[in-house]
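>>> Build me a model:
(one chain, ligands or ions: 1)
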Amino acid sequence: MAIIITIDGWSACGKSTLAKALAKKLGYVYIDSGAMYRAITLYFLRNHIDWTDVKEVKQALKDITIEFNFNENTLQSEIYLNEENVEYVIRDLVIAEKVSDVAAIKEVRTFAVAQQQKLGERKGIVMDGRDIGTTVFPKAEVKIFMVADERVRVERRFKELFEKNPNITIEEIKTNLEMRDYIDSHREISPLRKAEDAIELDNTNLTEKEQLDFALLLAKKKIVENIPA
Ligand code: DC
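Just a heads-up that it's a prediction; the model follows:
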């Protein structure tokens with residue numbers, strides 16, 4: 001029987017790398033919930049939405065459609081905002097600088113969480129984010145909470161963004177990660193925290209393969225337990 005696997009944790013911990021690899025191995029759907037908050041932020045910025053105004057936020061959300069479509073070339077699911085592929089543009093630092101503020105808005109979370117829960121209705125899904133094991137799927141069969149030393153997280157994100165923007169500095173990345181982690185873990189609604197039944201995975205000194213092996217073991221155990229007798 002298919003299960004739900006949630007992967008939450010701090011920014012730039014490698015959640016999506018692990019989630020993607022795990023979904024691929026299991027033949028499950030992978031959903032990047034952070035991409036939804038990033039796409040909403042992109043829409044708000046492009047359309048000059050004043051997100052401190054609840055009325056404006058509510059109206060704007062009515063005009064937003066978010067979908068994930070599988071790209072046959074990259075073999076990844078990519079996010080579409082109102083039918084435009086925004087998978088790459090949402091990774092910019094400009095979005096990263098605002099996304100935590102947007103993700104703290106109640107109406108935005110209600111909108112995103114409803115879609116995330118719908119995507120998980122048929123199970124067979126790996127979803128990563130900040131509140132997936134606590135709020136979106138509190139009954140998920142496998143919950144992983146990822147942590148890693150800040151130095152390692154900053155270096156990883158720097159490598160990723162430097163390829164696209166050679167002007168970016170380590171300092172900018174460090175400031176952004178610290179700010180996002182603070183806002184994400186201190187907001188009123190669904191703050192980032194480890195679910196009581198989540199298993200912590202510190203990947204500071206682990207290879208991608210070691211992390212995948214660890215997660216696969218947990219998942220396979222649960223999948224077997226879930227087979228009806
Ligand atoms: O995973 P990410 O860095 O792409 O996420 C971007 C932001 O979205 C993150 O700083 C906090 C927010 N987020 C959230 O509040 N809840 C989630 N489930 C996923 C992301």
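>>> Contact partners for residue 155?
residue 170 (C-beta atoms under 8 Å, 6 or more residues apart in numbering). C-beta coordinates here come from the backbone N, C-alpha and C atoms, glycine included.
>>> where do the helices sit along this structure?
15-26, 33-46, 54-62, 93-103, 106-119, 150-162, 170-186, 208-225 (DSSP state H).
>>> Which neighbouring elements make contact with the second one?
Contacts of helix 33-46 with other secondary structure elements, assessed using 3 or more C-beta pairs under 8 Å, 6 or more residues apart in numbering; DSSP states H and E, are made with helix 54-62, strand 66-71, strand 76-81, helix 93-103, helix 106-119, strand 125-129.
>>> Tell me, how many residues neighbour residue 222?
16 (other C-beta atoms under 10 Å).
>>> How many neighbouring residues does the nearest residue to it once chain neighbours are set aside have?
Excluding the flanking residues, the one nearest residue 222 by C-beta to C-beta, 6 or more residues apart in numbering is residue 141, at 4.5 Å. For residue 141, the count of nearby residues is 20 (other C-beta under 10 Å).
>>> likewise residue 46?
With other C-beta under 10 Å as criterion, residue 46 counts 10.
>>> ok, it - contacts?
Residue 46 neighbours (C-beta under 8 Å, 6+ apart): none.
>>> List, one by one, the residues from this structure near the ligand.
11, 33-34, 37-38, 99-100, 103, 129-132, 180, 184 (C-beta under 6 Å from any ligand atom).
>>> for these, which one is nearest residue 156?
residue 11 (10.3 Å; C-beta to C-beta).
>>> quick one, what contacts the residue lying closest to residue 99 once chain neighbours are set aside?
Of all residues not flanking residue 99 in the chain, residue 41 sits nearest, at 4.6 Å (C-beta to C-beta, 6+ apart). For residue 41, the contacting residues are 90, 95, 98-99, 102-103, by C-beta under 8 Å, 6+ apart.
>>> Buried ones from the residues you listed, can you make that a ChimeraX selection?
Per 16 or more other C-beta atoms under 10 Å, the buried members of the contacts of residue 41 correspond to this ChimeraX selection:
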select :90,95,98,99,102,103
